[in-house]
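A.B. asks: structure for the following, please:
(chains A and B, ligands or ions: 4)
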2 protein chains.
Amino acid sequence: MVETYVFGHKSPDSDSITSSLVMTNLEHELGNADAKAYRLGNINKETEFILNYLGMEAPELLEGVEDGADVILVDHNSPAESVDNLENANILKVVDHHKLALETSYPLFLRFEPVGCTETILCKLYEENGVEITKEIATLMLSAIISDTLLLKSPTTTEDDKLAVAKLAEIAGIDYEEYGLEMLKAGTDLSSFSIDE
Amino acid sequence: MVETYVFGHKSPDSDSITSSLVMTNLEHELGNADAKAYRLGNINKETEFILNYLGMEAPELLEGVEDGADVILVDHNSPAESVDNLENANILKVVDHHKLALETSYPLFLRFEPVGCTETILCKLYEENGVEITKEIATLMLSAIISDTLLLKSPTTTEDDKLAVAKLAEIAGIDYEEYGLEMLKAGTDLSSFSIDE
Ligand SMILES: [Mn+2]
Ligand SMILES: [Mn+2]
Ligand SMILES: [Mn+2]
Ligand SMILES: [Mn+2]
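C.D. replies: Ligands and ions are numbered 1, 2, ... in the order given. From the prediction side, this is the model:
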């Protein structure tokens, strides 16, 4: 099988992990059955909280890709933060909200917006393509936006992020502030320290 | 007035000129009244034919931009093909169908697709944003797609280009094959040669 590898950056955060899952689902819905989500490192405590909340598995670890492999990058575009051997891969698409640090020798699909989170862009892509945002997908998207924007309080937060959160919280049936605080708290990982530290 | 300079590549072709006009109109419709179309060089015979057909003026010539100027690039992204002093400008958006040859130190809006013409992407952007494609805009878009794809016969032609041409020809009320042949013929510029050459 010729696979399409979908992944976020090394030292993955919640946006990278959830966006790889959400982008993979979008590819499936658009007819690319060969898309599969991967991660480029261990998931953190916050992401663990999100996946546990949904009863989902983390994507498989990806060590590198073969020459000519089809890949889709989410939440990053810099080769330095990406998979080993990216220079010999065939990048089909990039969906990201970071500065531009990639060059290619071929045309490709790029969707970048200067918003707070990749999932805010993916939320638009679902709408534009008429793909249903299920409760599970909405929860993944919502969690990442809360994570990247620190509950819509970071200076990178835009009007688009706020609109996405309002919409996704309704679909997910989640009180986003309550859920978000619990999620961010899980990410601080205090549980692994004893009371004396 | 703080202007947003909108332009295609140096030695402009019909896609670069029409896309600067069409993108500028989109910006106006989306609320950016300060967008203005420019060109980075002389227009060619084919583009002259298109503008004459519509009774439109060519965009103003742009020699360079001041430090910090807001710019929008269409039909190119390589600094080598762009305006002088691009490295000190503030690139707001890029809409293009070429390989990626740009780096930035800040996030921005990028919409790239591996299709035959920038106007095919702009056609989608109009639809996604619910902006009306007038007869004039449709004729500009259609002309550029015919130009870049050589009447949908170039190897770079995609299904998306064909769909756009069908749709735009209907809005423009144009027999695209007849119009396209006349337009391409005007571009070969045989009229400037005498019969003896
Ligand atoms: Mn990230
Ligand atoms: Mn992110
Ligand atoms: Mn061009
Ligand atoms: Mn072009």
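A.B. asks: residues of chain A that sit close to ligand 1?
C.D. replies: Contact residues (Cβ under 5 Å from the ion) of chain A with ligand 1: A:13, A:15-16, A:75. Quick note: C-beta positions are derived from backbone N, CA and C, even for glycine.
A.B. asks: from those, which is closest to ligand 2?
C.D. replies: Ligand 2 has its nearest neighbour among the residues of chain A next to ligand 1 in residue A:15, at 3.4 Å by Cβ to the ion.
A.B. asks: just give me the neighbour total for the closest one.
C.D. replies: Residue A:15 has 31 neighbouring residues, counting by other Cβ atoms under 10 Å in any protein chain shown.
A.B. asks: the host helix or strand of it near ligand 2 anywhere?
C.D. replies: Element membership of residue A:15 [criterion: DSSP states H and E] is helix A:14-29. Yes: against ligand 2, helix A:14-29 shows contacts by Cβ under 5 Å from the ion at residue A:15.
A.B. asks: buried set for that helix?
C.D. replies: Across helix A:14-29, burial judged by 16 or more other Cβ atoms under 10 Å in any protein chain shown covers A:14-27.
A.B. asks: which residues touch the residue in chain A that ligand 3 sits nearest to?
C.D. replies: Scanning chain A for the residue nearest ligand 3 gives residue A:107, at 12.4 Å (criterion: Cβ to the ion). Residue A:107 is in contact with B:97-99, B:112-114, counting by Cβ atoms under 8 Å, 6 or more residues apart in numbering or on different chains.
A.B. asks: one more pass at 7 Å, please.
C.D. replies: With contact taken as Cβ atoms under 7 Å, 6 or more residues apart in numbering or on different chains, residue A:107 is in contact with B:97-99, B:112, B:114.
A.B. asks: what of residue A:137?
C.D. replies: Taking Cβ under 7 Å, 6+ apart, we find residue A:137 in contact with A:22, A:25.
A.B. asks: and the next element down the chain from whichever strand or helix holds it?
C.D. replies: Residue A:137 is part of helix A:135-149, with elements assigned from DSSP H and E. Moving toward the C-terminus from helix A:135-149, the next helix or strand (DSSP H and E) is helix A:159-172.
A.B. asks: can you tell if that next one touches chain B?
C.D. replies: No: Helix A:159-172 lies apart from chain B when judged by Cβ under 7 Å from any Cβ of the partner chain; the minimum separation is 11.1 Å.
A.B. asks: go ahead and measure how far that helix is from the middle of the chain.
C.D. replies: Put simply, helix A:159-172 sits 16 Å off its chain's centre (Cα atoms, centre = their mean, to the nearest Å).
A.B. asks: looking at the contacts of residue A:107, which is nearest ligand 1?
C.D. replies: Of those, the one sitting nearest to ligand 1 (Cβ to the ion) turns out to be residue B:112, at 21.0 Å.
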